[in-house]
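Enquirer: Using only what follows, build the 3D model:
(2 chains)
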Protein chains: 2
Amino acid sequence: MQLNIGAQYIRPNECRFRVWAPQKSSVSLVMVSPVQRSIPMHRDTDDCWELTAENVPAGTRYLYDIDGSVSRPDPASRFQPEGVHGASEVVDPAAFSWDDEGWKGMPIRDFIIYEIHVGTFTADGTFEAIIPHLDYLKDLGITAIELMPVAQFPGRRNWGYDGVYLFAPQNSYGGPAGLKALVNACHMRRVAVILDVVYNHLGPEGNYLGSFGPYFTERYKTPWGDAINFDGPYSDGVRDFFIQNALYWITDYHIDALRLDAVHGIFDFSANPFLRELAAAVHGQADAHERKIHVIAESELNDSGVIRDSDKGGYGLDALWNDDFHHAVHSLISGEKDGYYEDFGRLGHLEKAFREGFTYSGQYSGFRKRRHGNTSADIPVHRFIVFSQNHDQVGNRMHGDRPNRTQSFDKLKLAAAVVILSPYLPLLFMGEEYGETAPFQYFINHQDKDLIEAVRNGRKKEFAAFSGDGDMPDPEAEETFLKSKINMDLRNVGNNRFLFALYKELIILRKELPALSRSGRRDMDVKCFREDVLFIHRRHTSGNVFCLYNFSGSGQRMKVQLPEGDWLMTLDSSDEQWGGTAPPGALRKQLCQSGDMVHIRPHSALIYRQGADKRRDTGE
Amino acid sequence: MQLNIGAQYIRPNECRFRVWAPQKSSVSLVMVSPVQRSIPMHRDTDDCWELTAENVPAGTRYLYDIDGSVSRPDPASRFQPEGVHGASEVVDPAAFSWDDEGWKGMPIRDFIIYEIHVGTFTADGTFEAIIPHLDYLKDLGITAIELMPVAQFPGRRNWGYDGVYLFAPQNSYGGPAGLKALVNACHMRRVAVILDVVYNHLGPEGNYLGSFGPYFTERYKTPWGDAINFDGPYSDGVRDFFIQNALYWITDYHIDALRLDAVHGIFDFSANPFLRELAAAVHGQADAHERKIHVIAESELNDSGVIRDSDKGGYGLDALWNDDFHHAVHSLISGEKDGYYEDFGRLGHLEKAFREGFTYSGQYSGFRKRRHGNTSADIPVHRFIVFSQNHDQVGNRMHGDRPNRTQSFDKLKLAAAVVILSPYLPLLFMGEEYGETAPFQYFINHQDKDLIEAVRNGRKKEFAAFSGDGDMPDPEAEETFLKSKINMDLRNVGNNRFLFALYKELIILRKELPALSRSGRRDMDVKCFREDVLFIHRRHTSGNVFCLYNFSGSGQRMKVQLPEGDWLMTLDSSDEQWGGTAPPGALRKQLCQSGDMVHIRPHSALIYRQGADKRRDTGE
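Expert: Sure thing, here's the model as predicted:
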């Protein structure tokens, strides 16, 4: 599929403008600067309006006049320098020169993901301000960054889920040039870039798509805004818009994977589901360019069909966020029972998530008051993304507080091991790795006063059941945004340096031990010891590994049944080395054999590997 | 699954009442007759309320009191003798003695279906009044009757799609005893019974389900009423209600197949789709009873997933109504271009429907203004039901006029051959076989005046674009209902007797020639000769058949390329024998060989078979 909407140069200085507006009688191009002129466009066969104009320098600003009644920015605008209500700007892709010719993407099973909110990751809050920190991320061991949505949203502060120009990188983040510079810098360091894209709704302010065509429908309802018209009359043009958007990020911005926000908000009963069409288009593009490109989804349906092959009736996506895994870990660590944590809290929930992926694969969910999910027991492990923190799980708490505000240091380390050494693909939320203390709060920067009030009231209502309402952060206040900025220097303070060192060590283990990152479900045994300890045995020809995770507040002694041979303790999260109280060295070298009594301290992770500890023997 | 809702005898005279009402504080059984008493029910673990009472004779009438505020009939009432607003009646299944022990159902590929609206099929308009006509239907050759919905609806006249007591056969049709007598009589004649059930909405009057629990949802919209809650909180109980209903018809009424009305109105985004669960439950029941039971759906989505196996991601239903086939035939016959006929009208549309099933398998539909459908090219032929008339295609016209009001006698015969000799399962609409002249008009018999007015206005609006609005039948008038009654005696009048004889002959051919009813897509060649003649070659080891269907108003001469050997003309719809103008005998005996010039009269069907005409040689 060829990108054919928006303003595109077909020759230097000669630009084709094309916009989908199937039910309109006339559309004109209204150039605003550097010169002012208005030119009627002509209708082509695809319900699109088209015009090729000469003498259009990059930076030209324009609007479209619809039926002579309103002038609106381009739905496929490449840049909105003046924000969501201003004119669109013509961007020349040739203006940026890429240095990443050799980069062909990364197999998804190598993903170790770091989720970044551009505005709060650095003091500047721009794409380019991230670049100086990439070496820090490389040092940490991550292999891919995931950017929360960057499509132009109202104002200067937003999580990104209120975006309204899906082809325009946010002006306050640095726009197209900034995003390209960031992706380029990542690829130079062999770091993949995942982009979070929102295809289930558009933001409430500056959303002028409805002026052009039937992008939205009233047949379905989403919690966030009008549902998008993926299956009604004129839906071909709507689908085309979103699929072109996906391909645009891949081709024009060299993005390596898309993370589709909340696909349960994509309502589509058609015989040719949009998500299947989207995945096929992206994979087709990847093949054509000989690149590895992945489509990842967030869904709260626990439907493994999303990540099944299309010849099995699936949508053919590459991976799915696994919220059950998060909820199972978080409820064990925190003891919380509110909201969806009601369905979790027993060690068996986590055992199931390790064994199969979904904890709820058809069982009754008390929170949802219905049976939930279908089986994922046959889904390959590299099709799930897991985390103990992410923007939602932190940010959707009333105060946006991270686990380190309420949980012990030992528990943070335990959660880190459970996630990073899991068979699934781990994701860290920025700052998690050193115990960032800044919250991640909900912030917006709308201009419409009623809308601001509505958002405030919405948040209040959402958390009405919780105590301390008076303290709730004001979403519109700049302070709320500023408070959410992280400070990487904290990694050198107190226990933070131990936590940071442990995260690095865990990532090294994941990378070095194929049993951790290369073995699947069939090579894994999972067992619960009472409600206390989860035992996970991972087999691989290069050497087996077993992990013991003690979720209880007491030390546990247990006999483990294992294959014959010596097992070498490789990591004890309660070791002095990681700020714990266990004596160093002695424990680390401890050998164990099947039937031995193993001692595991409260809230800690213990990792043993089979055979000689080659890395340490040779490297240290 | 065990039927466990409604009033059920657990011992003679001892009856268990059980009703789903998950969010209520109290439910009482209110017996109305023969004695009046009110007894509090107790909550069981399934959000159901239960009570076992002694001394409950069959015929006992009762209501449920909910939270002490309203008394309502039983949602799973087995009989509503006083209509939708009256008390429910306890029915004793043992009161009817069945004679069909030997009947185990029928393979779906043997279905030749006759669709009946109980109220208008006979003067009496009851189940039992159908019985004397079953021998007529046997003589015609049909193997299955399909009853339009019989669940209790408001008033005495209705198509059935306003049903509100899904377990209660309509009182004015004769209630439970009548329906059982009819099914029993059918099975004695080896005629299968298909029941049309409506699981996408309930009727607007007498619908008290919402008083008991969250049966409905506002998340989705149907054109006919509130969408049913198949995927939200408490949806397990709702699904259970509908699945129990399906199993109830099978077990208590010996129904052989269900025809699910408009499944595109069943909105369900869950990971475990209701339709898949329903089909599995029905097939499980069939296996347990060693019966053949089928689930057939109507859907306007052209999604072959409905009839794919569940291990291919499908829903696992047995068959689907094929509207495309109808529209292709009807538009060719009638030349109509209104509404969905806009997408049809060329011979290629019918060719595609023969070749693949769906005409629209992903192509753009001008009527729907989007691409429509997915491929059904690999779906076995016995998974499609085809027709040139049905209750919708006749009844949803402004005047409910059948094709014989506007189309020539020759065209009616041509359409009959195309449908009955198709590789798919043919369905006839009552009276079609002899050219019934009564219309099938839209009628209701509501009691709520506002509702009546709303229905009247809805109909007017629907047909506003058509001329002659003033003539539109009044849906509420009894006359509209009476005018729609058919009169089987008409089969002996004028051309009707030829048409009737031809229908019989076509059905005989379908049954006697395995090439017609036993060969699949791989044994079929389909070709268009210009826009005039459709050529269909069907191969079978017992002897091949070819059909020529001339849709043009002129005679056609054409050379046909065929396998070697003699081909014997088996049927010419323009033969004198069928009221046509072609000389009898001479033509019928005509042999043809590959490369011969064949002559086919205007609007006629010509059928040749390979080898000797055994039946005629020996039988006549």
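
Enquirer: C-alpha from now on. contacts and neighbour counts both.
Expert: Fine.

Enquirer: neighbours around residue A:216, how many?
Expert: Neighbour count of residue A:216, defined by other Cα atoms under 10 Å in any protein chain shown: 20.

Enquirer: Hmm, it is touching residue A:210, no?
Expert: Yes - counting by Cα atoms under 8 Å, residue A:216 touches residue A:210, with 7.0 Å between them.

Enquirer: now whichever residue of the stretch 101-250 of chain A sits closest to chain B, what's its secondary structure?
Expert: Nearest residue of the stretch 101-250 of chain A to chain B (Cα to the nearest Cα) works out as residue A:233 at 4.7 Å. Using DSSP: H, G, I helix; E, B strand; the rest coil, the structure places residue A:233 in coil.

Enquirer: List the contacts of it.
Expert: Residue A:233 makes contact with B:368-370, according to Cα atoms under 8 Å, 6 or more residues apart in numbering or on different chains.

Enquirer: Could you export whatever helix or strand residue A:451 lives in as PDB, CA atoms only?
Expert: Residue A:451 is part of helix A:449-462 when elements are defined by DSSP states H and E. Taking C-alpha atoms only, helix A:449-462 is exported to PDB below (Å, rounded to 0.1, in the frame of the first residue of the first chain):
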ATOM      1  CA  LYS A 449     -12.800  25.100  30.100                       C
ATOM      2  CA  ASP A 450     -15.800  22.800  30.100                       C
ATOM      3  CA  LEU A 451     -13.700  20.000  29.000                       C
ATOM      4  CA  ILE A 452     -11.100  20.600  31.700                       C
ATOM      5  CA  GLU A 453     -13.900  20.600  34.300                       C
ATOM      6  CA  ALA A 454     -15.300  17.400  32.800                       C
ATOM      7  CA  VAL A 455     -11.900  15.700  33.000                       C
ATOM      8  CA  ARG A 456     -11.500  16.900  36.600                       C
ATOM      9  CA  ASN A 457     -14.900  15.600  37.600                       C
ATOM     10  CA  GLY A 458     -14.300  12.300  35.700                       C
ATOM     11  CA  ARG A 459     -11.100  11.700  37.800                       C
ATOM     12  CA  LYS A 460     -12.900  12.600  41.000                       C
ATOM     13  CA  LYS A 461     -15.700  10.200  40.200                       C
ATOM     14  CA  GLU A 462     -13.300   7.400  39.300                       C
END
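
Enquirer: Check which residues of it are buried.
Expert: In terms of neighbour count (16 or more other Cα atoms under 10 Å in any protein chain shown), helix A:449-462 has its buried residues at A:452, A:455-456, A:459-460.

Enquirer: go on, stretch A:380-393?
Expert: Residues of stretch A:380-393 classed as buried: A:380-391, A:393 (neighbour count, 16+ other Cα under 10 Å).

Enquirer: where does the residue of the stretch 101-250 of chain A closest to chain B sit relative to residue A:25, distance-wise?
Expert: Counting by Cα to Cα, to the nearest Å, the gap from residue A:233 to residue A:25 is 18 Å.

Enquirer: likewise residue A:459?
Expert: For residue A:459, the distance to residue A:25 equals 42 Å [Cα to Cα].

Enquirer: Just the endpoints, please. Distance across stretch A:384-399?
Expert: End residues of stretch A:384-399 are separated by 28 Å (Cα to Cα).

Enquirer: Tell me how far that stretch lies from the chain's centre.
Expert: In terms of Cα atoms, centre = their mean, to the nearest Å, the centre of stretch A:384-399 is found 10 Å from the chain centre.

Enquirer: Quick check: closest non-adjacent residue to residue A:266.
Expert: residue A:200 (4.9 Å; Cα to Cα, 6 or more residues apart in numbering or on different chains).

Enquirer: One more: residue A:6?
Expert: Once flanking residues are discounted, residue A:6 sits nearest to residue A:76: 4.8 Å by Cα to Cα, 6+ apart.
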